[in-house]
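> have a look at this prediction, sequence included:
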Amino acid sequence: MAEFEVVKNELRIKKHLTKLDLFVIDTLKIISKYTEYVVISGYVSIFFGRARATEDVDIFIGDISWENFRKLCEEATSKGYEFNVDNAAELYKEYFGSEIPINLWEKDLPLMRIEMNIAEKSSQKKILREKIKVFYNGGFLYFSPIEYQSVFKRYFLKSDKDLEDARHLEVVFKNLDKGKIESYKNIVLSEGVYE
C-alpha cells in the first residue's frame with residue numbers, strides 16, 4: 001500500500017487515472033473557472049487508493065455570484081453536462097438558498113456526478129481555506145485536509161463504510177497532525193457539520 005505525505009498543504013503523486021478520476025478532473029476544470037472548490041467525503045479515500053464504489057463526488061464551493069453561476073451552467077451544458085434542474089436561476093435561488101446540493105453529471109451518465117454545496121458553516125469555510133493541493137500526472141486537484149476527513153467520517157458519519165474510509169486514510173497518510181485532528185474533532189462535534 002502506498003504511503004502519502006502532505007508537506008506545506010501540498011502533495012505530489014503519480015496515479016493511474018480511472019474513469020471516475022477523469023470525470024472529476026474534467027468537471028472541476030469547469031467549476032474552478034467560476035469559484036473555488038474543495039473535494040470532500042468518500043472520493044478523497046478513493047483517490048488515495050481505497051477500493052470502493054461511489055455514485056457521487058462531494059465538493060464545497062466558495063461564494064459564487066449569480067453571474068458566475070450562470071456562466072458555469074452555460075459552459076457545463078454546452079459541454080454536455082446536466083443539472084438537477086434545467087433552470088439556472090432556480091438552481092441558484094432554490095438549491096443554494098436551502099442547502100440542497102446541486103448535482104452535475106455528463107448527459108446520460110447520472111451515476112457519476114458532482115454534488116456541490118456552498119461552504120456556509122465556519123468549519124466548511126475552514127476546510128476550503130485549509131485545502132491541500134494534490135499534484136498528479138501534470139494536473140492538480142484541491143482536497144479537504146486529511147485530518148478533517150478522518151475526523152468527520154469517524155466521529156460524525158460513523159457508518160461502516162465511513163469508518164473504513166477513515167482507517168484507510170489514517171494508514172496511507174504518515175504525517176497526520178494530532179493537533180489538527182483534535183481541532184477538527186471539536187468543530188465537528190460542536191457544530192454538527194454536514195456533507
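Received it, and whenever you're ready, just let me know what you need.

> rest of the way, CA atoms for contacts and neighbours
Will do.

> so which residues of the chain form strands?
10-13, 37-40, 56-61, 81-83, 102-106, 113-118, 132-136, 139-143 (DSSP state E).

> pretty sure Ile40 contacts Phe47?
No. Using C-alpha atoms under 8 Å, Ile40 makes no contact with Phe47, being 11.0 Å away.

> could you pull out the helices for the chain?
Along the chain, counting by DSSP state H, helices occupy 19-31, 42-47, 66-78, 88-90, 96-97, 122-129, 146-151, 160-172, 178-191.

> which residues does the lowest-mean-pLDDT helix or strand in the chain contact?
Here the helix or strand of the chain ranked lowest by mean pLDDT, DSSP states H and E is helix 96-97, holding a mean of 80. For helix 96-97, contacts defined as C-alpha atoms under 8 Å, 6 or more residues apart in numbering pick out 102, 117-118.

> in this structure, which residue is closest to the centre?
Closest to where the C-alpha atoms of the chain average out (C-alpha atoms, centre = their mean) is Val39, at 1.7 Å.

> contacts for stretch 57-70?
So stretch 57-70 is contacted by 24, 34-43, 88-89, 92, 112-119, 124-125, 128, 195 (C-alpha under 8 Å, 6+ apart).

> neighbour count winner among Ile40 and Phe47?
The residue with more neighbours, out of Ile40 and Phe47, is Ile40; 26 against 16, by other C-alpha atoms under 10 Å.

> residues contacting the more buried one?
57-60, 143-144, 149, 195.

> PyMOL command for the buried members of the contacts of stretch 57-70?
With 16 or more other C-alpha atoms under 10 Å as the criterion, this PyMOL line picks the buried residues out of the contacts of stretch 57-70:
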select buried, resi 24+34+36+37+38+39+40+41+42+43+88+92+112+113+114+115+116+117+118+119+124+125+128
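
> quick revisit: need the contacts of helix 96-97 in a markdown table with distance to Asp177 and pLDDT, can you?
Shown next, in a markdown table, are the contacts of helix 96-97 (distance: C-alpha to C-alpha, whole Å; pLDDT from 0 to 100):
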| residue | distance to Asp177 | pLDDT |
| --- | --- | --- |
| Ile102 | 32 | 96 |
| Asn117 | 27 | 94 |
| Ile118 | 26 | 94 |
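
> any idea which of those residues is closest to Arg167?
Distance to Arg167, by C-alpha to C-alpha, is smallest for Asn117 among those, at 25.7 Å.

> who touches that closest one in this structure?
Contacts of Asn117 (C-alpha under 8 Å, 6+ apart): 59-61, 96, 99-102.

> cool, Asn175 as well?
Counting by C-alpha under 8 Å, 6+ apart, Asn175 has contacts 5-6.

> equivalent analysis for Glu5, please.
11, 173-175.

> got phi/psi on it?
Backbone torsions for Glu5, taken as degrees, to the nearest 10, come to phi -140, psi 130.

> from Val134, how far out is it?
11 Å (C-alpha to C-alpha, to the nearest Å).
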